[in-house]
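> Curious how this folds, go ahead:
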Amino acid sequence: MEIKGRRVLVTGGTSGVGRALAAELTERGARVVVCGRTAAGEGQVAADLAVAGQAERLVREAAERLGGLDLVVANAGVQHHERLTAGVTPGLLERTEQEVAVNLRSVAELAAAAWPWLAASPEAAFVAVTSGLAYAPKRSAPLYCATKAGVHVLCEALRYQARADTPHVRVQEVVLPLVDTPMTAGRSGPVRKLSPEAAARSIARGVERGSAVLPVGASRALLVLLRLCPPLARRLLRDG
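Take a look at the predicted model:
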């Protein structure tokens, strides 16, 4: 897919990887609308994706502003560190519901709402951002890892549906490593954090190539290691 001239919606696009990706796509000639919970600038739509129905409204507003949609990137995400073995702690259920709603449910809602617009485009793509943690979870954020694994499976099933119903619409999964964003502030992993700008460049190249699964940065090595020596790969991420 040539990015120039494309009409694009990026969720979670007011900070971190989403903001860097919106800038990268704009630089490559795309027209981009982003969303965030407190978005207020030009080309931004405020939407809380934890609330059912907000993703559908977001798609409608973005499509109206752009005159349609060619590319939708489901990037928004939240992560909480929880120790479920400690029992039901204050706020646990609310945080759990937020993670499931934003990280997984809103992606399904976004896809369903966007599909008629994408199907109307001669060449289109739905891109969902997951994580290496979808493949090898870490101990400290069980719900985040589970929701990203859910998005990975969702992409596979959605790809089957697209091939049968709208073969010109691609479904792509971006597998991110640890990226230097507000979500990961103060956290570390087995490798140095990737910059949001470097992640955005890799995502843009992957969209252009049309890769079904796009591992970014250290995620490439992780997926290879998972094939060659799964116990080692899982041990490396377990305590991240």
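
> Let me see the mean pLDDT of stretch 199-209.
Here stretch 199-209 scores 96 as its mean pLDDT.

> just stretch 90-98 next, same as before
96.

> ditto for stretch 153-160
pLDDT averaged over stretch 153-160 gives 98.

> Could you check how far the longest helix seen in the chain is from the centre of its chain?
Criterion DSSP state H: the longest helix present in the chain is helix 142-165. Helix 142-165 sits 11 Å away from the centroid of its parent chain (Cα atoms, centre = their mean, to the nearest Å).

> helix/strand/coil for the residue nearest to Cys145 when sequence neighbours are not counted?
Closest residue to Cys145 apart from its sequence neighbours, by Cβ to Cβ, 6 or more residues apart in numbering: Pro137 at 3.5 Å. Just so you know, the C-beta spots here come from the backbone N, C-alpha and C atoms, and that holds for glycine as well. Following DSSP: H, G, I helix; E, B strand; the rest coil, we place Pro137 in the coil state.

> contacting residues around the longest helix of the chain?
74, 77-80, 82, 84, 95-96, 99-100, 103-104, 107-108, 111, 119, 126, 128-131, 133-135, 137-138, 169-173, 212 (Cβ atoms under 8 Å, 6 or more residues apart in numbering).

> could you redo the last one with a cut-off of 7 Å?
79-80, 82, 84, 96, 99-100, 103-104, 107-108, 111, 128, 130-131, 133-134, 137-138, 169, 171, 173, 212 (Cβ atoms under 7 Å, 6 or more residues apart in numbering).

> Among these, name the ones in strands.
128, 130-131, 169, 171, 173 (DSSP state E).

> Isn't Ser195 up against Leu178?
No: taking contacts as Cβ atoms under 7 Å, Ser195 lies outside contact range of Leu178: 11.1 Å.

> of the two, who's got more company?
Leu178 (23 against 15; other Cβ atoms under 10 Å).

> So the more buried one is in contact with Lys193, correct?
Yes: Leu178 is in contact with Lys193 according to Cβ under 7 Å; the separation is 5.0 Å.

> Residues that sit against both of these two, list them.
When contacts are counted by Cβ under 7 Å, 6+ apart, Leu178 and Lys193 have Thr184 as shared neighbours.

> Just read off the phi/psi values of His168.
Per-residue torsions, His168: phi -80, psi -10 (degrees, to the nearest 10).

> Return the per-residue confidence for the residue nearest to it when sequence neighbours are not counted.
On the basis of Cβ to Cβ, 6+ apart, the spatially nearest residue to His168 that is not a chain neighbour turns out to be Glu123, at 6.1 Å. Looking at Glu123, its pLDDT reads 97.

> next one: Glu42
For Glu42, pLDDT reads 75.

> Now do it against Val34, distance only.
10 Å (Cβ to Cβ, to the nearest Å).

> neighbour count winner among those two?
Val34 (29 against 5).

> could you list every residue that touches Leu176?
Applying Cβ under 7 Å, 6+ apart, the residues contacting Leu176 are 17, 129, 131, 199, 216, 219.
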